[in-house]
Each structure stands twice: as C-alpha cells, then as structure tokens.
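*Asks:* Got a predicted structure here, sequence first:
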Amino acid sequence: MVLNYIWAGFFLIGFVAALGQWLLLGDVDIFKKIIDGTFESARTGVMDIALPLAGVMTLWLGIMNIGEKAGAIQFLARMIAPFFARIFPGVPANHPANGHMVMNFSANLLGLDNAATPFGLKAMESLQNLNPRKEEASDAQIMFLVLHTSGLTLIPLAIMAQRAVLGAHDPSDIFIPCLIATYVATVVGLIAVAICQRINLLNAVVVGWLGGGTALIGGMVWYMSHYMSRAEIETFSKVSSNLLLLTIIVSFIIAAMRQRVNVYEAFIEGAKGGVQTSLTIIPYLVGMLVAIGVLRNSGVLGLVVSAFDWCFVQLGMNHDFTPALPTALMKPLSGSGSRAMMVDAMKTYGADSFVGRLACIFQGSADTTFYIVALYFGSVGVRKTRYAISLGLLADFAGVIAAIFVAYLFFH
C-alpha cells in the first residue's frame with residue numbers, strides 16, 4: 001500500500017510541477033522532457049540494470065549453491081548466530097539466511113556492489129521462505145532491508161575514483177567523513193527497527209558485536225588516515241576486495257570437493273535461477289525508475305532545494321550546504337541520478353570545494369532506498385512493505401545530517 005501511494009504520488013507531483021512550469025514560465029519543452037525521461041528510465045531499468053544483473057546473478061547464485069552444498073553458508077551462519085539471533089529473532093540460528101546476509105553485508109562493507117546484490121537477493125529469498133505472509137514483509141526482512149539501505153561501506157572507492165577523474169587534489173580525503181556518515185545511518189536504522197520490533201539491544205552480545213565492529217572500523221580508519229597514502233588506500237581496497245571474492249569462490253569449491261559434491265552440477269543448479277530472478281524484478285524496477293524519472297525531470301527536486309535555501313536564509317543559518325542537497329535528495333530515489341548530481345556539483349563548484357566534497361559525502365552516506373525496496377521485495381513478490389520504507393528513509397536522513405556535520409567539521 002505504501003509503494004502504491006508513493007508511486008502514484010511521484011507521477012502526480014511531477015505532473016503538477018510540469019503544468020506549473022508550462023503555465024507560469026512558458027516552458028513548452030517540459031512535457032517532452034518528462035516523456036523522453038520515462039522512455040530512458042524504462043530502457044535503463046531493463047538494458048542497464050536487469051539484463052546485466054542476470055549474468056552476475058547467474059554466476060553468484062551458482063557459487064552460492066556450491067557453498068550451501070559444501071556447508072560453508074551454514075558455517076558462516078553459526079559464526080554470526082549469537083548476534084543475528086538478537087537482531088533477527090525470527091530467523092533460526094542455523095538457517096542459511098544468516099550466511100547469505102553475512103555475505104551481503106561483507107560485500108557492501110567492501111564496496112562490492114556487483115557481488116552484494118546477488119547475496120542480498122538470495123538472503124531475501126531465504127527470509128521469504130520463513131515468511132508466513134508472502135505478500136507482506138516480515139520483521140526479519142524489514143530489519144535486513146533497512147540495514148542494507150543504510151549502505152555501510154568502509155572505503156567508497158567509486159567516489160574516490162570519480163574525484164580523481166575530476167582533478168581533486170586528494171581524492172581520498174572524503175573517505176573518513178563518508179564512513180562516519182554511513183555508520184551513523186546504520187546505527188540509527190538498527191535502533192529504529194529494534195524499537196518498532198521491540199528488540200532489546202542492551203545485552204552483552206549485541207553491545208559486544210557493535211563495540212567490536214566499531215573498534216575494528218575505527219582502528220582501520222585511524223591506521224589508513226595516519227600511515228597510508230591515497231594510492232596505498234586505493235591499492236589496499238582493490239587487492240583486498242578482489243582477493244576476498246576469489247578466496248570465497250575457491251574456498252567454496254574446495255569445501256564442496258571435500259564433501260564429494262559435484263561442483264559443476266551444483267553450480268548449474270544454482271545458476272539456473274539467475275535469469276529468472278532478473279526477469280522477475282523487471283516490472284518492479286521499471287515502474288519505480290520511471291516514476292523517479294518523472295519527479296526528477298519535472299524539476300521538483302530543484303524547487304525543493306530552493307525552498308530549503310530560502311528557509312535557512314530566513315532563519316539566519318549558514319546555508320553553504322544547500323547547493324549539495326540535490327545529491328542527498330536524489331540518493332534514496334536513484335543511485336545513478338545521485339551520482340550524476342554529485343558529478344555536476346563537483347564540476348560546477350570544484351572537486352575540492354565544500355559543496356563538491358559534501359556532495360561526495362552525501363553519495364557515500366547511504367544506499368538507494370526506493371531502488372532496493374523495488375528490487376529486493378519485488379524479487380520475492382512482497383507488496384506490503386509495512387514500515388520498511390519509512391525507517392529506511394529515517395536512516396538516510398540520519399546519514400544526511402551526519403554528512404553535513406562532518407563536512408563542516410572537516411572542510412568548512
């Protein structure tokens with residue numbers, strides 16, 4: 001029901017905004033721009049996302065099936081079981097969903113988007129098997145989705161690479177602010193879902209895991225910021241990320257062979273679901289991307305930014321951050337759209353400007369909530385999202401606020 005109102009609302013708001021521009025400003029091309037945008041969004045959803053995803057899904061679902069038959073997924077599930085048992089009380093300790101979620105969160109942490117998506121879709125499928133109401137999101141699915149949309153990433157390599165292309169003096173200078181902002185978003189999302197689901201986080205296991213994770217990330221960030229150059233950080237990220245992926249594949253195969261599993265047949269069996277999953281998500285994906293395109297091309301986001309700027313001026317507050325807001329506003333709607341906004345901000349104001357850096361921190365502070373909802377829930381046929389979107393957006397908002405604070409702290 002929530003998606004229904006959001007989807008229709010995007011079209012209605014976009015139409016009203018376009019009508020206003022035509023009547024008040026005489027912009028006769030606005031309707032053509034919106035319609036061209038709908039065609040482009042539909043093409044992007046199928047050609048640039050769903051079909052390329054089919055190949056990635058085919059590979060990784062095959063690898064995941066090998067890992068399941070070898071017992072590797074179950075091993076990971078047992079390792080993380082004490083923590084997950086507290087925040088996912090509805091998921092049995094030894095259920096494969098735990099291992100799938102671990103793989104997804106690990107890939108996200110390393111910025112491995114292509115690997116994270118198949119793991120995440122497999123995790124959502126496993127959680128759907130435990131869901132008694134197939135069309136309504138379960139508590140576990142909501143917790144998983146909100147944590148995923150918070151986008152916790154250790155090193156935002158893609159953002160750093162884009163900054164390097166645009167001539168930033170030190171492209172990696174935003175990675176600590178990005179990590180702080182996305183960590184805040186993750187913690188806020190976790191606490192918000194825990195409150196809604198009445199999950200007690202004040203116990204030794206949860207505090208120990210969160211404290212240990214915070215210490216590990218903080219120590220790594222401190223070491224990188226003090227003892228590693230930009231080139232060394234980028235090299236470390238590339239080598240460790242790809243080495244980890246290759247190690248996972250080889251480990252699964254070796255473990256399966258030790259269990260006398262026919263690894264090739266296991267791969268084929270799992271890979272068969274890759275294309276089907278990609279085809280399943282196309283209607284959900286195209287529908288959401290087209291609605292977002294209407295909202296973007298109608299100029300609504302620009303009007304919202306202007307309104308924010310006016311409000312902050314009237315309140316006598318510093319409003320230097322408002323030119324970077326389009327990236328933050330677009331991020332929950334479209335990853336590629338927010339990336340375009342980030343690039344535009346760096347080109348307009350400079351890669352090393354306050355606005356340019358803040359736009360990069362916005363880009364790295366959270367993930368694309370509406371895209372993830374459409375992709376993950378659509379892949380398993382969930383239509384009633386309950387409070388998943390509202391809490392996902394709450395985590396995004398926390399990331400935006402944190403991004404503004406750390407940007408002023410580091411760069412203003």
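*Replies:* Done, it's in. Numbers count the residues shown, from 1 in each chain.
*Asks:* What's the separation between residue 386 and residue 139?
*Replies:* 9 Å (CB to CB, to the nearest Å). C-beta coordinates here come from the backbone N, C-alpha and C atoms, glycine included.
*Asks:* What of residue 133?
*Replies:* Note on residue 133: its distance to residue 139, by CB to CB, is 11 Å.
*Asks:* higher neighbour count, these two?
*Replies:* Neighbour count, other CB atoms under 10 Å: between residue 133 and residue 139, residue 139 has more, with 19 against 9.
*Asks:* which ones are touching the residue lying closest to the more buried one once chain neighbours are set aside?
*Replies:* Among residues not flanking residue 139 along the chain, residue 197 sits closest, at 5.0 Å (CB to CB, 6 or more residues apart in numbering). Applying CB atoms under 8 Å, 6 or more residues apart in numbering to residue 197 gives the contacts 139, 142-143.
*Asks:* Same check on residue 28?
*Replies:* So, once contact is read as CB under 8 Å, 6+ apart, residue 28 ends up touching residue 22.
*Asks:* what secondary structure does it sit in?
*Replies:* Recorded secondary structure, residue 28: coil (DSSP: H, G, I helix; E, B strand; the rest coil).
*Asks:* Let me know the pLDDT of it.
*Replies:* The predicted local confidence for residue 28 comes out at a pLDDT of 82.
*Asks:* Please report phi then psi for it.
*Replies:* Taking degrees, to the nearest 10, you get phi -80, psi -10 for the backbone angles of residue 28.
*Asks:* Go through stretch 9-19 and flag the buried ones.
*Replies:* 10-11, 14, 17-18 (16 or more other CB atoms under 10 Å).
*Asks:* Redo those as JSON lines? Include secondary structure, pLDDT and distance to residue 410.
*Replies:* Conversion of the buried residues of stretch 9-19 to JSON lines gives the following (DSSP: H, G, I helix; E, B strand; the rest coil; pLDDT from 0 to 100; distance: CB to CB, whole Å):
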{"residue": "10", "secondary structure": "helix", "pLDDT": "82", "distance to residue 410": "34"}
{"residue": "11", "secondary structure": "helix", "pLDDT": "89", "distance to residue 410": "39"}
{"residue": "14", "secondary structure": "helix", "pLDDT": "88", "distance to residue 410": "36"}
{"residue": "17", "secondary structure": "helix", "pLDDT": "88", "distance to residue 410": "35"}
{"residue": "18", "secondary structure": "helix", "pLDDT": "89", "distance to residue 410": "39"}
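*Asks:* Let's have the contacts of residue 197 in CSV, adding distance to residue 59, secondary structure and pLDDT.
*Replies:* Shown next, in CSV, are the contacts of residue 197 (distance: CB to CB, whole Å; DSSP: H, G, I helix; E, B strand; the rest coil; pLDDT from 0 to 100):
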residue, distance to residue 59, secondary structure, pLDDT
139, 31, helix, 95
142, 28, helix, 95
143, 27, helix, 95
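*Asks:* Identify the residues contacting the closest residue to residue 143 other than its chain neighbours.
*Replies:* What sits nearest to residue 143 in space, not counting adjacent residues and going by CB to CB, 6+ apart, is residue 193, at 4.9 Å. Residue 193 makes contact with 142-143, 146-147, 199, 391 under the criterion CB under 8 Å, 6+ apart.
*Asks:* let's see it at 10 Å
*Replies:* 87, 139, 142-147, 199, 387-388, 391-392, 394-395 (CB atoms under 10 Å, 6 or more residues apart in numbering).
*Asks:* Just these: which are in strands?
*Replies:* For those, not one is inside strands, with DSSP state E as the criterion.
*Asks:* Out of these, which is nearest to residue 346?
*Replies:* Taking CB to CB as the measure, residue 346 lies nearest residue 395 of the contacts of residue 193, at 25.2 Å.
*Asks:* and the gap between the closest one and residue 406?
*Replies:* For residue 395 relative to residue 406 (CB to CB), the value is 16 Å.
*Asks:* swap in residue 339?
*Replies:* Taking CB to CB as the measure, residue 339 falls 20 Å from residue 406.
*Asks:* On the pLDDT front, check the residue nearest to the spatial centre of the chain for me.
*Replies:* The centre of the chain sits closest to residue 367, judged by CA atoms, centre = their mean, with a distance of 2.8 Å. Predicted confidence (pLDDT) at residue 367: the value is 83.
*Asks:* In terms of helix, strand or coil, where does it fall?
*Replies:* Secondary structure, three-state DSSP: residue 367 is coil.
*Asks:* Report whether the expected contact of it with residue 334 is present.
*Replies:* No. With contact defined as CB atoms under 10 Å, residue 367 does not reach residue 334; the gap is 11.5 Å.
*Asks:* mind listing the strands for the stretch 51-200 of the chain?
*Replies:* Ranges of strands in the stretch 51-200 of the chain, per DSSP state E, counting those that start in this stretch: none exist.
*Asks:* Looks like residue 410 contacts residue 360 (just checking).
*Replies:* No. Because the distance of 11.5 Å does not satisfy CB under 10 Å, residue 410 is recorded as not touching residue 360.
*Asks:* State the pLDDT value of the residue nearest to residue 85 when sequence neighbours are not counted.
*Replies:* Across the structure, with CB to CB, 6+ apart as the measure, the residue nearest residue 85 apart from its sequence neighbours is residue 93 (5.6 Å). Confidence at residue 93, expressed as pLDDT, is 77.
*Asks:* re the thing from before, who's more crowded, residue 339 and residue 406?
*Replies:* Neighbours per residue, other CB under 10 Å: of residue 339 and residue 406, the larger number sits with residue 406, 21 against 18.
*Asks:* any idea what the more buried one is structurally, helix, strand or coil?
*Replies:* Local secondary structure at residue 406 is given as helix here, using three-state DSSP.
*Asks:* In contact with the spatially closest residue to it that is not a sequence neighbour, which residues?
*Replies:* Nearest non-adjacent residue to residue 406, counting by CB to CB, 6+ apart: residue 177, 4.2 Å away. Contacts for residue 177 (CB under 10 Å, 6+ apart) come out as 156, 357-358, 360-361, 364-365, 402-403, 405-407, 409-411.
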